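J.: predicted model, plus sequence, below.
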Amino acid sequence: MFRQDSAETIALQALSWLAANEEVLPVFLGATGASIGDLSRQAADPEFLGSVLDFILMDDAWVMAFCDSVSLPYTAPMQARAVLPGGQSLHWT
């Protein structure tokens, strides 16, 4: 399990990967309503970073491409997401 600062570092890496990806970035911006300016303005917000990881986690190919680009195991984005605000699993029992 990651600590908050480690999770934020992974999410920032994910944000950088996303910002540099000409194919996936427009999909993220369209899905979230964020602008290019929002990426830098909200980079310090743990909730926004969580949304970046949520987005990448929607597609296994994105997870693999991101993790390969920064030499992380494929499980790292999900583990980091669990630490950031809103990432806790809900138990209905």
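T.: Received, thanks.

J.: phi, psi of residue 40?
T.: With angles defined as degrees, to the nearest 10, residue 40 sits at phi -80, psi -40.

J.: tell me the spacing between it and residue 52.
T.: Remark: distance between residue 40 and residue 52 (CB to CB, to the nearest Å) = 13 Å. C-beta coordinates here come from the backbone N, C-alpha and C atoms, glycine included.

J.: which of those two has more residues huddled nearby?
T.: The neighbour count for residue 40 versus residue 52, taken as other CB atoms under 10 Å, is higher for residue 52 (28 against 10).

J.: where in this structure is the helix or strand with the lowest mean pLDDT?
T.: When each helix and strand of the chain is scored by mean pLDDT, DSSP states H and E, helix 36-41 comes last, with a mean of 91.

J.: that helix: what's the following helix or strand?
T.: helix 46-56 (DSSP states H and E).

J.: so who does residue 35 touch?
T.: Counting by CB atoms under 8 Å, 6 or more residues apart in numbering, residue 35 touches residue 29.

J.: rewinding a little: and the contacts of the least confident helix or strand of the chain?
T.: 15, 18-19, 29, 48.

J.: if you set the cut-off to 6 Å instead, what comes out?
T.: For helix 36-41, contacts defined as CB atoms under 6 Å, 6 or more residues apart in numbering pick out residue 19.

J.: quick one: buried residues of it?
T.: For helix 36-41, the neighbour count (16 or more other CB atoms under 10 Å) marks residue 39 as buried.
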